[in-house]
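Asker: pasting a predicted model and its sequence here:
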Amino acid sequence: MDQEQIIVTVPPQQLGTLRGRRATAAHLAYRLGQGPRLYRAAGLPARPGGLMVIGQGDYNYPGPVEPFCCEVLRECSARGFRGVLLDLDARLPFLEQLANRLDQVLTGHGLSFLVPESYGDHAPGAGVLISSALSGGTLQGRLLEAGEHFGRDRVVLALERTAEDFFLPSPSGCGDPLSQEDLDELLHRLRPSVFFSGGLCARYFTYLDEQGGPHFVLFDDGDTMHRKLEVGRRAGVSTFVLPYTELSCCLPIDAGPGQR
């Protein structure tokens, strides 16, 4: 099995949370801007190492991608980054072109590249982020399916803590997102019996609203996040991405190397 890599997405002001942990920092300090141009936050260390995360920002029109790719490459060289994580929400043709060219440029210079699943076919040299958030099937099956499509060595498990309220039946498989405060309020008010789904690696409960409508609530906690990490390992995944807020449940402090 390949050596495991834990990548932690972290804003500049929270870099200290990685101290004493075996983790690679992915810096939440960049976004795609009009032009397209690379925009960066203030306060980055001189040479932080790790990866740079590029969010979608306000880039919403086609434009030449080559200057942007060169700008990203220069930033990686100047800051000592070993790769890029492209964090895109929308799926648009000109963003597919950008992902494809970035893949060529970065991998051609020996840098790693990670992309959302929807861009995996457009960046054949990149690792592909597979979300841990599911509303059906099993997490293990999802990872194995992704491995068959993209190649097992390209699969990266992106650990995401989620909570959703599904009004039943739910043909779309999409529920209403719940904030942690909303979830806590429901749990406190309803005092429901909470169960664990081994396939989804998530907790759930059901309730009836004031009109008698049935609801199904699916949510994560620290324990389910840790279990998802273990499922990924058993499925042969060796690279994981998680937010710094999940460090305590997924990545305890040890005596090994810290931020890399």
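Answerer: Perfect, I can see it now.
Asker: use CA for all of it now, contacts and neighbours both
Answerer: Noted.
Asker: going along the chain, name the strands of the chain.
Answerer: Counting by DSSP state E, the chain has strands at residues 5-10, 24-33, 37-40, 51-55, 83-87, 112-116, 127-131, 155-158, 163-167, 176-177, 195-197, 202-208, 214-219, 239-243.
Asker: determine which stretch of those strands is the most buried.
Answerer: Highest mean neighbour count among these (mean count of other C-alpha atoms under 10 Å): strand 155-158, with a mean of 26.
Asker: where among the strands of the chain is average confidence lowest?
Answerer: Note on the strands of the chain: strand 37-40 shows the lowest mean pLDDT, a mean of 87.
Asker: what helices and strands are in contact with that one?
Answerer: If you count contacts as 3 or more C-alpha pairs under 8 Å, 6 or more residues apart in numbering; DSSP states H and E, strand 37-40 packs onto strand 24-33, helix 66-79.
Asker: let's have these in CSV, adding distance to residue 163.
Answerer: Below are the helices and strands packed on strand 37-40 laid out as CSV (distance: least, C-alpha to C-alpha, whole Å):
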stretch, distance to residue 163
strand 24-33, 23
helix 66-79, 34
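Asker: out of those, which is closest to residue 52?
Answerer: Closest approach to residue 52 among the helices and strands packed on strand 37-40 (C-alpha to C-alpha): strand 24-33, 5.0 Å.
Asker: quick one: strands adjacent to the closest one?
Answerer: Note on strand 24-33: by DSSP bridges, its sheet partners are strand 5-10 (parallel), strand 37-40 (antiparallel), strand 51-55 (parallel).
Asker: dump these into CSV; add distance to residue 179 as well.
Answerer: Supplementary listing: the strands paired with strand 24-33 in CSV, determined by distance: least, C-alpha to C-alpha, whole Å:
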stretch, distance to residue 179
strand 5-10, 20
strand 37-40, 28
strand 51-55, 22
